[in-house]
Each structure stands twice: as C-alpha cells, then as structure tokens.
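>>> need a structure here:
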Amino acid sequence: MDDKTDYWTLGSGSFGINLQANSDDLLSDANEWFECAKALTDLLTESMQDGQFPDRRRAIFALTAIRTLVHMGSQCAVHAHERMSRCEL
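Have a look, this model is predicted:
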C-alpha cells in the first residue's frame, strides 16, 4: 500500500485486506496493527497499576479494540504468508 492516505480497504462492513498489496506491505501493516495493540495494552495496564482502573464499560471497549487490532495484524500476516508461499512454487 504505497498511498499512506488509503491504509485500509473497506469490505463487507469491516476493514479488509488490499488484494493488490505485496507481502512486504502486508507485513509492514501487520507490524503497525500490532504496535497499536501494544500501545493500547500498555496504556490500559498503566491505568490499572496506578489504581485508576477505568470503568467496566470503557475497559471492555478497550479490550475489544485490542482484540480487533490483533485480529487485523494477524490477517495481514496470514495474507503475506500466503503470497510468499505462492512465490516459492
């Protein structure tokens, strides 16, 4: 994905994989998704350690966001692996 203004392709009402992306781009995207998930996890962890546990609704929302970020990173990695496997044939 060369155009940084178009990070995601929308499909079926949710984020989808750009079918024209190469394996390097997909792995870079996966890294970005995982970095976002890590940053949100660190923020949530810090708030719990400081004794300022967020209210339950916001904590559940944050955990759902982390799950979504990890899912998108995993999907990028899976598609990159598939593309690399096809190149080996």
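
>>> list the contacts of Gly73.
Applying CB atoms under 8 Å, 6 or more residues apart in numbering to Gly73 gives the contacts 29-34, 37. From N, CA and C alone the C-beta is placed, and that goes for glycine too.

>>> what about the residue lying closest to it once chain neighbours are set aside, distance to Ala39?
Distance criterion CB to CB, 6 or more residues apart in numbering; nearest residue to Gly73, sequence neighbours excluded, is Trp33 at 3.4 Å. Look at Trp33 and Ala39: by CB to CB, to the nearest Å, they are 11 Å apart.

>>> looking at these two, which one has more neighbours?
Trp33 (21 against 12; other CB atoms under 10 Å).

>>> which helix or strand contains the more buried one?
In this structure, Trp33 sits in helix 23-49 according to DSSP states H and E.

>>> what is the subsequent helix or strand relative to that helix?
Counting by DSSP H and E, what follows helix 23-49 is helix 56-88.

>>> any buried residues in that next one, and which?
Across helix 56-88, burial judged by 16 or more other CB atoms under 10 Å covers 62, 66, 69-70, 72-73, 75-77, 79-80, 83.
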